[in-house]
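1. Test case, fold it:
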Amino acid sequence: MSWPASDGRFNQLLTGPSKVIISGLSASVRRESGKPGGNHLKACFMKYKDYYDILGVKRDAGADAIKKAYRKLAHKYHPDVSKDPAGEEKFKEVAEAYDTLNDPEKRAAYDQLGSYQPGQDFQPPPDWSKQFGDTESSFEGIDLESLLAGLATGRHHARHGTGHIRMPGQDYEVTAHISLEDAFRGTEIELNLTVPEYDEKGVLRRVPRTFKVRIPKGATDGQRLRLAGRGGKGINGGRDGDLYLNIALHPHPLYRVSGHDLYLDLPLAPWEAVLGANVEVPTPGGPVSLKVPPNTRAGQQLRLSKRGLPISHDREGDLFAIAQIVVPTAASESERALFKQLADASTFNPRGHFQQEVRSGN
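-> Now for the predicted structure:
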């Protein structure tokens, strides 16, 4: 499957050269380096960040545990959800930690830095740069995030040198946070990036890049899109690299997203659940009428076909309304009298299974 872009070159992820991961749409990769060649390491210190502690996982945690922890914390501290005054800063820290621990090469490089107290000054061990970065590097004026962000570029040029060999440009990877409404209709975003590129002398520079990207409707959380030729410039006539866009949906106050399907909690009055009713339900495409059958149970899923996110030009996901039985917060005297009348007349015992379990256990 392929997705159209503004220049017609959006496709799903293909394998390619290693990538520089850029956190956020306006993030900067603050890395400085000398020319490739030699083995010179200038002593300088940076502040240590314990990425495992930030995500609340052990140092030997697997990829699934790291992803689960990230999603939980990203939702907790997301600026659209969190009421914590420091929530936005914590959200950025969580994203930074995940960018490193989710990448096997960057995680290995991070682990080799050693373990320190959060905020403690440290410097990479001897030969760390030769093993994981450029063959010549200066760490002056950069932080831990910038150090790790530049690894892929440094490794690429250290392996190939600059010579006269045609080399493809560096691939870049960035996360695009969009709303569910944007995913439903499609949208255009503007990327303002500061990316590392080598100049004609082989010196790594920070270069601003700005361009517009069309995100097709139906883009889902975790999907990766490719914009061909929008990455780093090729060297000695080599092709330009690609830009990979990771889609992340903002949490929505009504819907939960699973692939192209949506889930919505549907509050029902007790009498609506028992007698059945026609209720209005919001969907991304506008409100629709839903027939609630009699004797609907709490937690029962009521399916609205083709009311989820688009899958292709003629297919859509579904919306599932999850019945939630809601009682009045303050019943009037007449309502209380009616409920009392119902209680006296009804033989329904919602806890009858307790007695069955007790009898079966004896």
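
2. what about residue 184, helix or strand, and which?
-> Per DSSP states H and E, residue 184 falls inside helix 180-185.

3. Give me the residues contacting that helix.
-> With C-beta atoms under 8 Å, 6 or more residues apart in numbering as the test, helix 180-185 has contacts from 215, 217-220, 247, 249-250, 252, 255, 257, 284-285, 309-310. Placement of C-beta: from N, CA and C, glycine included.

4. In strands only, show me the residues you listed.
-> If you go by DSSP state E, the contacts of helix 180-185 have 215, 247, 249, 255, 257, 310 in strands.

5. what residues are up against the last one?
-> Taking C-beta under 8 Å, 6+ apart as the criterion, residue 310 is in contact with 184, 217, 218, 260, 316, 317.

6. Tell me how many other residues crowd residue 220.
-> Residues lying near residue 220 (other C-beta atoms under 10 Å) number 17.

7. now it: how far from residue 260?
-> For residue 220, the distance to residue 260 equals 6 Å [C-beta to C-beta, to the nearest Å].

8. so what's in contact with these two at the same time?
-> Contact criterion C-beta under 8 Å, 6+ apart; residues shared by residue 220 and residue 260: residue 309.

9. Could you pick out the buried ones from the contacts of residue 310?
-> 184, 217, 218, 260, 316, 317 (16 or more other C-beta atoms under 10 Å).

10. what two of these have the greatest distance between them?
-> Within the buried ones among the contacts of residue 310, 217 and 317 form the most distant pair, 11.9 Å apart (C-beta to C-beta).

11. quick one: common contacting residues for these two?
-> The contact sets of residue 217 and residue 317 overlap at 309, 310 (C-beta under 8 Å, 6+ apart).

12. What backbone torsions are found at the nearest residue to residue 301 once chain neighbours are set aside?
-> Counting by C-beta to C-beta, 6 or more residues apart in numbering, residue 320 is the residue found nearest to residue 301 once chain neighbours are left out, at 4.7 Å. For residue 320, the backbone dihedrals (degrees, to the nearest 10) come out as phi -110, psi 120.

13. so who does the residue positioned nearest the centre of the chain touch?
-> Among the residues of the chain, residue 248 comes closest to the average C-alpha position under C-alpha atoms, centre = their mean, at 4.2 Å. Contact analysis of residue 248 by C-beta under 8 Å, 6+ apart lists 74, 175, 176, 177, 178, 221, 222.

14. Any of those residues buried? List them.
-> Neighbour counting over these (16+ other C-beta under 10 Å) leaves 74, 175, 176, 177, 178, 221 as the buried ones.
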